[in-house]
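In: Whatever this is, show me its structure:
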Amino acid sequence: MLVELYVLMALAILSLLAGLAIRWRFMRRTGRVGTLLSDEDIDQILATGRLKVDDDPLDLDEVREAEERFWSETWDEAEEV
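Out: Okay, the predicted model is just below:
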């Protein structure tokens, strides 16, 4: 009975540490701390159905170049087994 309690406590601690690691990586990558949406963002979504952000996360020229590189590659035919 005591062993099961220790296993459950270990799993709870591991789960907590995994959650903290995921949150830390997200905050480090995005530079945002706290909630993702402000009250103004939510009001804008409710009023217009969309959220307009100042910084565009996609560089369309880079996306276009990557797509052109992808489709310009030659592909080997699949081998029959």
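
In: okay, stretch 50-60 in CSV with CA atoms only?
Out: Written as CSV, here are the backbone C-alpha positions of stretch 50-60 (Å, rounded to 0.1, in the frame of the first residue of the first chain):
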residue,chain,number,x,y,z
ARG,A,50,-11.2,38.1,-35.7
LEU,A,51,-8.0,39.1,-33.9
LYS,A,52,-5.7,41.4,-35.7
VAL,A,53,-2.1,41.3,-34.5
ASP,A,54,0.6,43.8,-35.2
ASP,A,55,3.4,41.4,-35.8
ASP,A,56,2.8,38.9,-38.6
PRO,A,57,4.1,35.5,-37.6
LEU,A,58,4.6,34.4,-41.2
ASP,A,59,7.0,35.9,-43.7
LEU,A,60,5.1,35.3,-46.9
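
In: which residues are contacting that stretch?
Out: Leu37, Asp41, Gln44, Ile45 (Cβ atoms under 8 Å, 6 or more residues apart in numbering). Yep, even glycine has a C-beta here, placed from its N, CA and C like the rest.

In: tell me the SS of the second one?
Out: Here Asp41 takes the helix state, with states given by DSSP: H, G, I helix; E, B strand; the rest coil.

In: pLDDT on the helix or strand containing Glu62, on average?
Out: Remark: Glu62 resides in helix 60-72, with elements defined by DSSP states H and E. Here the mean pLDDT over helix 60-72 is 92, rounded to a whole number.

In: circling back to that earlier point, pull the most distant pair out of the contacts of stretch 50-60.
Out: Every pair in the contacts of stretch 50-60 was compared (Cβ to Cβ); the two farthest apart turn out to be Leu37 and Gln44, at 9.4 Å.

In: mind listing the helices for the protein?
Out: If you assign secondary structure with DSSP state H, the helices in the chain sit at 2-30, 39-48, 60-72.

In: For burial, what's the neighbour tally of the closest residue to Asp41 other than its chain neighbours?
Out: Using Cβ to Cβ, 6 or more residues apart in numbering and skipping residues adjacent in sequence, the residue nearest Asp41 is Leu51, 5.8 Å away. The burial metric for Leu51, expressed as a neighbour count using other Cβ atoms under 10 Å, is 10.
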